[in-house]
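J.: from the sequence below, what's the structure:
(2 chains)
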Amino acid sequence: MRWSQAHIPTLRDDPAEAEAVSHKLLVRGGFIRQLSSGHYSMLPIGQRVRANIDRVIREEMDAIGGQQFHLPALHPAEIWKKSGRWEQMGDEMFRLVDRKGADNALGMTHEEVFAMLASELTSYRQLPQIWYQIQTKFRDEPRPKSGVLRVREFTMKDSYSLDIDAAGLDASFARHRDAYVRIFARFGMNAVAVEASSGIMGGSESTEFMVASPAGEDWIVTCDSCDYAANVERARSRVTDVSDPDAVAEPSRFATPGIRTIRALADGFADIAPPERQIKTLVYSLDGVLTLVLMRGDHDLQEQKLVDVTKTVDIRPATPEEIVSLLGAHPGSLGSVGVTGTEIIADESLRGRRGLVTGANEDDWHLRDVDVERDIAVTRWEDLRAVRSGEPCEVDGGRLDLWKGVEVGHIFKLGTKYSEAMDAYVQDEDGNSHPIIMGSYGIGVERSMATIVEGSHDERGIIWPPGIGPWDVVITTLRADDPAVQQAAEELYGELRDAGVAVIYDDRAERPGVKFADAELVGMPFRITIGPRGVESQTAEFTPRATMETEEVAFGDCLTVVRDRLGISR
RNA sequence: CGGGACGUAGCGCAGCUUGGUAGCGCGCAGCGUUCGGGACGCUGAGGUCGUGGGUUCAAGUCCCACCGUCCCGACCA
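T.: Sure, this is the predicted structure:
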């Protein structure tokens, strides 16, 4: 491609609304443009990057035996009703009615359609299968943000494994995991596989691939001395021990006028009520049912954990009115001693604790000498605690770090939910019918593109890894009007192109500063500069974008150097 | 959905308080000079001031409604 003929609308000014670095650079560099909130156009060079990302994914998916499909984006409501997700997906699913009056949905994911296709399978001999596609997904996000990192319409590589038994699923899962490690490595990312919650998709062994970035929306916990890594929605840590008295008296009331917070109670009654000796009583509405949630005073609830253990779809804190009608007191004086007929879910760190302080369910009064197991009718014990930075790792006691990450991939085991719903059964060798066991695996394409940029840029612009950017090499001429320069550049351009190198020739009659600045903004990994000086000595300048350290290369050696730097295999 | 802000030329913005012929920078077109790090001069093109309604002799400016976009929160494989 010649730059003079390419549509690469770079901008000199930052887009006003840009807050994520990748968004700013992709817009300025002429890769993407916004159409509306959450919908982006891919411009030619953005599309080239996307094609490269697709290619890498395809190569690695094919390498583990994957077969590419292309499924419809528009789905009849029936298949979603059949799996039970027509209702479950709520407002996140785009829905529309066609001219016949039939309900339709724009696909947010494709378990249903793939499971329908899998229903044609009849024998264990046809398994295992890995089926994938690279396709548009629609999700009516309540708040698209950060440019292309969180949108309503995006491309996803989604794959599904089909196996006859758990061992087969384990193998398919492991293959995907390995493929993902290779894919993200080729993207130049340092992606960490972390334990995660599987959310409304259902399933187990949910593993997210996270890349550290300030633009990330998830908090990740990793241990500094072992390989433990988890999303905070699921992360665990060791609890700091608190020693309690062996036996305590019956609970007794004491007046706490005006005290409404853990902090205030600890300050006012330092001898008996430090935060770790208090019980924090939270009231939640879980699918419309009021439930008490008990935490240690100095701990915070991780709401996703509560959602996961209770399988709740709709969670919200109870309103003050609901709380008063349930417990007879306002927040600040709530407790669970003597409460019956209401589910009481307590965090594991409260198990066996004695001599604690909690609200008396009467405004301005608290109870002391509470023995949790003796005095509270706990109905469930669960791990609900939010992990904090610096806490000891549950595995080896190492220090836990907390960092923000972007989710670029997610893999998990689905089980038989969709195969059962869509009647995807096969017979085993004994003639017995079994639902196919499925796994589900996703990679966000545009999100990967943005995440690469988040992690690989400098003040001048983007630095694409070889094989990912729109071109690997840019030939920049200085004095494009000089016939000798032109001829040298044309020859090199033809040579590289014939050799299969992705090269763009900046033949524009611009001043050097403009051409350099554009090349660095767009981010080709290597620049070859040809000017009058070099024509004299028959040398070009070879400048890797990452280091910006220029070396002189004879015209005749340029192709060899480029091949070396790109890795000859490509 | 709650809170906040913003919609004026392709991009970034001023003008609104105090109503009276729509401006600046970049970019764009032509000509000339320039040419190893975002040049300069001259000339020029380009705007239903988000949409609709209202007040007024007169609305980019004041009032109302709606739409859109961004940020914070809620929410979110």
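
J.: is residue A:495 in a helix, a strand, or coil?
T.: Using DSSP: H, G, I helix; E, B strand; the rest coil, the structure places residue A:495 in helix.

J.: name the element the residue nearest the centre of chain A belongs to?
T.: Centroid check for chain A by Cα atoms, centre = their mean gives residue A:407 as the closest residue, at 1.6 Å. Secondary structure from DSSP states H and E places residue A:407 in strand A:400-415.

J.: ok, residue A:61 next?
T.: Here residue A:61 sits within helix A:44-63, counting by DSSP H and E.

J.: list the contacts of the next helix or strand after that helix.
T.: The C-terminal neighbour of helix A:44-63 among helices and strands, as given by DSSP H and E, is strand A:66-69. Under the contact criterion Cβ atoms under 8 Å, 6 or more residues apart in numbering, strand A:66-69 has outside partners A:58, A:61-62, A:114, A:117, A:129-134, A:159. (Each C-beta comes from the backbone N, C-alpha and C, glycine too.)

J.: quick one: which of those has the most company?
T.: Counting neighbours by other Cβ atoms under 10 Å, residue A:159 comes out on top of the contacts of strand A:66-69 with 28 neighbours.

J.: so who does that residue touch?
T.: Listed by Cβ under 8 Å, 6+ apart, the contact partners of residue A:159 are A:61, A:66, A:130-133, A:176, A:440-442.

J.: nearest to residue A:232 among the residues you listed?
T.: Among these, residue A:442 lies closest to residue A:232 (Cβ to Cβ), at 20.5 Å.

J.: so for the residue nearest to the centre of chain A, what's the nearest residue that isn't a sequence neighbour?
T.: Nearest residue to residue A:407 in three dimensions, chain neighbours excluded: residue A:208, at 5.1 Å (Cβ to Cβ, 6 or more residues apart in numbering).

J.: try residue A:567
T.: Spatial nearest neighbour of residue A:567, chain neighbours left out: residue A:466 (7.1 Å); criterion: Cβ to Cβ, 6+ apart.

J.: go on, residue A:230?
T.: residue A:195 (4.0 Å).

J.: if we can go back for a sec, and the gap between the residue nearest to the centre of chain A and RNA strand B?
T.: 6 Å (Cβ to the nearest atom of the strand, to the nearest Å).

J.: that residue and residue A:210 touch, don't they?
T.: Yes. Using Cβ atoms under 8 Å, residue A:407 is in contact with residue A:210, at 5.8 Å.

J.: give me the common contacts of the two.
T.: Common neighbours of residue A:407 and residue A:210, using Cβ under 8 Å, 6+ apart, are A:216, A:218.

J.: residue A:480 against residue A:488, yeah?
T.: No. When contacts are counted by Cβ under 8 Å, residue A:480 is not listed as touching residue A:488 (11.5 Å).

J.: specify the local secondary structure of the residue of the stretch 351-500 of chain A found nearest RNA strand B.
T.: Using Cβ to the nearest atom of the strand, the closest approach of the stretch 351-500 of chain A to RNA strand B is made by residue A:442 at 2.8 Å. For residue A:442, the assignment made with three-state DSSP gives strand.

J.: and the gap between residue A:289 and RNA strand B?
T.: 16 Å.

J.: list the contacts of the nearest residue to that residue once chain neighbours are set aside.
T.: Using Cβ to Cβ, 6+ apart and skipping the chain neighbours, the partner closest in space to residue A:289 is residue A:343 (7.2 Å). Residue A:343 makes contact with A:289, A:291-292, A:379-380, according to Cβ under 8 Å, 6+ apart.

J.: what's the pLDDT at residue A:343?
T.: For residue A:343, the pLDDT comes out at 93.

J.: for residue A:287, see how far away it is.
T.: From residue A:343 across to residue A:287, the span is 12 Å (Cβ to Cβ, to the nearest Å).

J.: residue A:163 against residue A:130, yeah?
T.: No. Taking contacts as Cβ under 8 Å, residue A:163 lies outside contact range of residue A:130: 9.6 Å.

J.: what's the nearest residue to residue A:116 if we skip its chain neighbours?
T.: Nearest one to residue A:116, counting by Cβ to Cβ, 6+ apart, is residue A:422 at 5.0 Å.

J.: okay, now residue A:96: neighbour count?
T.: Residue A:96 has 11 neighbours, counted by other Cβ under 10 Å.

J.: can you check residue A:512 too?
T.: Under the neighbour criterion other Cβ under 10 Å, residue A:512 is assigned a count of 14.

J.: got a list of what it touches?
T.: Listed by Cβ under 8 Å, 6+ apart, the contact set of residue A:512 reads A:476, A:478, A:531.

J.: go with 6 Å
T.: Residues in contact with residue A:512, defined by Cβ atoms under 6 Å, 6 or more residues apart in numbering, are residue A:478.

J.: please tell me how far it sits from residue A:474.
T.: Residue A:512 is 13 Å from residue A:474, by Cβ to Cβ.

J.: next helix or strand past the helix or strand of chain A with the lowest mean pLDDT?
T.: Within chain A, confidence by mean pLDDT, DSSP states H and E is lowest for strand A:315-317 among all helices and strands, at a mean of 85. As assigned by DSSP H and E, the chain's next helix or strand after strand A:315-317 is helix A:320-327.

J.: only the buried residues of that following helix, if you could.
T.: For helix A:320-327, a neighbour-count test (16 or more other Cβ atoms under 10 Å) marks A:323, A:326-327 as buried.

J.: surely residue A:524 is in contact with residue A:476?
T.: No. The pair residue A:524 / residue A:476 is not scored as a contact, 9.5 Å apart, by Cβ atoms under 6 Å.

J.: okay, now stretch A:33-46: how far is its last residue from its first?
T.: End-to-end span of stretch A:33-46 (Cα to Cα, to the nearest Å): 10 Å.

J.: what lies in contact with it?
T.: The contact list for stretch A:33-46, computed with Cβ under 6 Å, 6+ apart, reads A:7-8, A:30-32, A:50, A:144, A:148, A:151-153, A:470.

J.: so where's the stretch 1-150 of chain A shaky on pLDDT?
T.: Applying pLDDT under 70 to the stretch 1-150 of chain A picks out residues A:15-19.

J.: for it, what lies in contact range of RNA strand B?
T.: A:10-17, A:19, A:34, A:36-38, A:92, A:108-109, A:137, A:139, A:141-146, A:150 (Cβ under 7 Å from any atom of the strand).

J.: selection in ChimeraX covering whichever of the residues you listed are buried, please.
T.: A single ChimeraX command selects the buried members of those (16+ other Cβ under 10 Å):
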select /A:10,34,38,108,109,137,139,141,144,146,150
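
J.: now, the residues of the stretch 1-150 of chain A next to RNA strand B that are in strands?
T.: Mapping these onto strands (DSSP state E) picks out A:34, A:36, A:137.

J.: and of those, the nearest to RNA strand B?
T.: Within those, proximity to RNA strand B (Cβ to the nearest atom of the strand) peaks at residue A:36, which comes in at 3.3 Å.

J.: quickly list what the closest one is bridged to.
T.: In this entry, residue A:36 is beta-bridged to residue A:39, by DSSP bridges.

J.: ok, it to residue A:394 distance?
T.: The gap separating residue A:36 from residue A:394 is 45 Å, by Cβ to Cβ.

J.: can you show me the CA trace of stretch A:528-541 as PDB?
T.: Only the C-alpha atoms of stretch A:528-541 are listed here, as PDB (Å, rounded to 0.1, in the frame of the first residue of the first chain):
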ATOM      1  CA  ILE A 528      13.000   2.100   6.900                       C
ATOM      2  CA  THR A 529      14.000   5.600   6.000                       C
ATOM      3  CA  ILE A 530      15.400   6.600   2.600                       C
ATOM      4  CA  GLY A 531      16.700  10.100   2.000                       C
ATOM      5  CA  PRO A 532      19.100  11.800  -0.300                       C
ATOM      6  CA  ARG A 533      22.000  11.100   2.100                       C
ATOM      7  CA  GLY A 534      21.300   7.400   2.100                       C
ATOM      8  CA  VAL A 535      21.000   7.300  -1.700                       C
ATOM      9  CA  GLU A 536      24.600   8.700  -1.900                       C
ATOM     10  CA  SER A 537      25.900   5.800   0.300                       C
ATOM     11  CA  GLN A 538      23.300   3.200  -0.900                       C
ATOM     12  CA  THR A 539      22.100   2.800   2.700                       C
ATOM     13  CA  ALA A 540      18.800   3.100   4.400                       C
ATOM     14  CA  GLU A 541      18.000   3.700   8.000                       C
END
